[in-house]
Each structure stands twice: as structure tokens, then as C-alpha cells.
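> Got a predicted structure here, sequence first:
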Amino acid sequence: MRYHEIRVLEVVRETAEACSLVLDIPPDLATEFTYRPGQYLTVRVPHGIARCYSLASSPLHDVPPKVTVKRMRDGRVSNWICDHVTAGTVLEILPPAGHFTPDSLDADLLLLAGGSGITPVMSILTSALTGGTGRIVLVYANRDEESVIFADDLRRLAAAHPDRLHVTHWFDVENGPPTPDALRALVEPYADFEAFVCGPDAYMTVVEKALEDVGVERIHVERFESLEADPVEGGRDATVEVTLDGQTHRFDWPAGTRLLDLLIGKGLNLPFSCRQGTCASCACRITEGDVDLLHNEVLEEEDFAEGYILACQAVALTDRVVVTYD
């Protein structure tokens with residue numbers, strides 16, 4: 001996994017606070033930058049800081065990929081991009097990653113987005129309308145109407161697909177912040193749909209509560225948090241031995257690759273949720289070797305003493321690492 005220099009074709013001003021970067025992927029990198037709806041790119045700016053930004057475009061459309069960036073208060077990367085990136089700017093970008101993507105575009109989808117959380121949701125929505133057959137419901141929360149990213153695109157798509165797409169906007173200036181009770185009324189008719197949720201933490205907490213209350217069983221969440229470390233820095237090339245469900249697997253472990261990303265890429269069915277080092281769903285136990293955790297908000301000293309690590313944040317520090325999920 002390494003960064004590639006990618007030129008920006010166009011900067012599209014979506015709102016006063018958000019812009020999209022249309023990217024010129026060279027032909028020799030086309031395969032490496034093939035992506036699935038809902039995935040993201042990691043962008044490293046000249047300051048050497050890296051951040052993840054979701055692809056808003058659809059891989060089913062014959063258009064260049066684009067990521068959308070919204071200004072964040074004190075956001076060193078987002079503000080630099082919005083202030084300085086123009087057509088022709090060259091950025092260092094990693095190939096697509098992420099698992100916030102539907103298994104089938106034919107599924108009935110309940111999409112809930114807050115603010116810039118619409119970005120991966122837009123990729124899923126447009127891809128499902130293009131390549132799928134299911135019904136799609138979008139609940140999109142913003143401060144006000146002027147804050148709506150992709151407003152024109154959403155109006156156009158709703159008009160073009162009235163039998164498949166239903167869009168509900170929630171504006172805080174009119175209704176106050178969303179509450180579980182209010183959202184329950186909006187999502188209850190679609191409790192058997194597959195749900196995808198993306199937005200600020202406070203919004204997602206409310207949404208997840210509403211979805212659980214009405215019995216939605218298939219819930220996928222995507223959280224945007226600043227990377228604490230450049231994802232290709234740190235660690236070393238290693239081999240890893242993993243015991244899962246009574247079976248042992250051995251893989252080469254490239255430097256800088258997070259253990260969870262490696263194992264999912266190898267087809268293992270592993271527990272995980274936030275992928276940000278904040279929930280411990282991906283915790284496993286190391287029995288040999290050593291790793292570095294790029295970010296950790298949940299494991300404590302007693303957990304480390306028992307050998308527990310977070311697979312989503314672990315990079316190798318020794319030539320051989322042995323972990324178990326059993």
C-alpha cells in the first residue's frame with residue numbers, strides 16, 4: 001500500500017463549506033483505484049497529514065471519481081483543501097478502502113446521513129438506482145437548507161425515480177436536532193430494510209437508538225474521525241498467524257497495513273464495528289510478537305497485560321506475530 005500522485009481535474013463548490021475534488025486517475029492506476037459504493041480515499045496533503053474522505057461518485061457511472069470535503073472547525077486538512085486546492089493540484093492519495101458498502105444493490109436500503117455523512121451515502125444511493133432494483137429511503141439531516149450537499153442531485157434523482165427513491169430532509173433550524181422519538185416515526189415503516197448510517201457522532205447515536213427501537217437488524221455505520229497517524233507509516237513487514245474458529249491461517253503482513261484490513265482482505269469473517277479504536281469489537285489476543293496500536297480509546301493496562309489488542313489499529317513491530325480470536 002503506497003501513496004500515488006493524483007491530479008485534481010476540477011473543484012466543485014457544493015455549499016459554502018463543502019467542495020468536491022474530481023480526480024484524474026492515470027490509466028495505469030485504473031485497476032488499483034477501482035472502488036465499491038461507499039468506500040473512501042486517504043489523502044495526504046503537503047503538511048504530511050493524512051485524512052480519509054469518502055467517494056461521492058458512483059463506480060457504475062463513466063465519470064472520474066470524486067471525493068467531497070467539508071470544512072471542519074480547526075480542521076487542518078479540510079480547511080487547507082477548501083482554501084488551496086484547484087484544478088491541476090497534485091495530491092498524494094491511497095487506493096480505495098473501507099467496508100461501508102452494500103453486498104447487493106438490489107436490496108431495499110434505508111440511508112441516514114447527517115451533514116457531510118451524505119458523501120458515501122450518495123455513492124451508495126446513485127449506484128443502487130443505476131445498478132439495482134430495490135427501494136431506497138434517505139433521511140438527511142442538516143442545520144438548514146443552505147447546508148444540504150448535493151441538493152440539486154437529490155432533487156433530480158427523486159424526480160427521475162419517484163417509485164424507488166424517497167428523500168426526507170431534516171433541518172435543525174426548523175425542528176431542532178433529531179431525537180430518537182422523531183426518527184422512529186420516519187424509519188419504522190422501513191424496519192425490514194438494510195440501514196446505512198453516516199454522520200457526526202451525536203447524530204449517529206440518536207439514529208442507532210431509533211433503528212434499534214424499531215427492530216432494524218442490519219445496520220452499517222461509518223464514522224469520520226481524524227487519523228491519528230499516517231496509515232502507511234509505522235510498523236514493518238511481518239508474517240501473522242491467526243487462529244479463528246479453530247482454524248489457523250498464515251499471511252504475509254505488509255508494513256503499515258492494519259491487521260483488520262489485512263484479514264478482511266484475505267476473506268476472514270471477523271468481528272468489528274467502528275474501525276477507529278473506540279469500541280473494542282475487533283479486539284483479539286496476541287500470544288507472540290508485538291504490535292503498535294495507531295489509536296486506542298478503549299483498551300486499558302489490564303487488557304494489554306492479558307495480551308489484548310485492537311485489530312483495526314494494529315501494525316506489526318516484529319517479524320512474526322501470532323494472534324487468536326478463540
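It's in.
> give me the element Leu263 is part of.
Per DSSP states H and E: Leu263 is located in helix 259-265.
> Of all the residues in the helix or strand just after that helix, which ones are buried?
Next helix or strand after helix 259-265 toward the C-terminus (DSSP H and E): strand 283-288. Neighbour-count burial for strand 283-288 flags Ala283, Cys284, Ile286 (criterion: 16 or more other Cβ atoms under 10 Å). Backbone N, C-alpha and C define where each C-beta goes, glycine included.
> Quick check: Leu91 vs Tyr53, distance?
Leu91 sits 10 Å away from Tyr53, going by Cβ to Cβ, to the nearest Å.
> quick one: which helix or strand includes the nearest residue to Glu288 once chain neighbours are set aside?
Leaving out its chain neighbours, the residue that sits closest to Glu288 by Cβ to Cβ, 6 or more residues apart in numbering is Val322, at 3.8 Å. In this structure, Val322 sits in strand 320-324 according to DSSP H and E.
> just for the stretch 151-300 of the chain, where's the confidence low?
Scanning the stretch 151-300 of the chain for pLDDT under 70 picks out the ranges 223-234.
> Recalculate using a threshold of 80.
Scanning the stretch 151-300 of the chain for pLDDT under 80 picks out the ranges 223-235, 256, 272-276, 278-279, 295, 297.
> need the helices for it, in chain order.
151-160, 172-175, 180-187, 201-213, 259-265 (DSSP state H, counting those that start in this stretch).
> Point out where the stretch 1-150 of the chain drops to low pLDDT.
By pLDDT under 80, the low-scoring segments of the stretch 1-150 of the chain are 1-2, 46-50, 73-76.
> can you pull out the helices in it?
76-84, 118-131.
> The first one: which residues count as buried?
Of all the residues in helix 76-84, those buried under the rule 16+ other Cβ under 10 Å are Val77, Ser78, Trp80, Ile81, Cys82.
> same question, stretch 255-265
For stretch 255-265, burial by neighbour count (16+ other Cβ under 10 Å) applies to Gly256, Thr257, Arg258, Leu259, Leu260, Asp261, Leu262, Leu263, Ile264.
> Same check on stretch 292-302?
Buried residues in stretch 292-302, counted by 16+ other Cβ under 10 Å: Leu293, Leu294, His295, Asn296, Val298, Leu299.
> What is the burial count for the nearest residue to the last one once chain neighbours are set aside?
Put plainly, it is Leu299. The shortest distance from Leu299 to any non-neighbouring residue, by Cβ to Cβ, 6+ apart, is to Tyr308 (5.9 Å). As a burial measure, Tyr308 scores 17 neighbours (other Cβ atoms under 10 Å).
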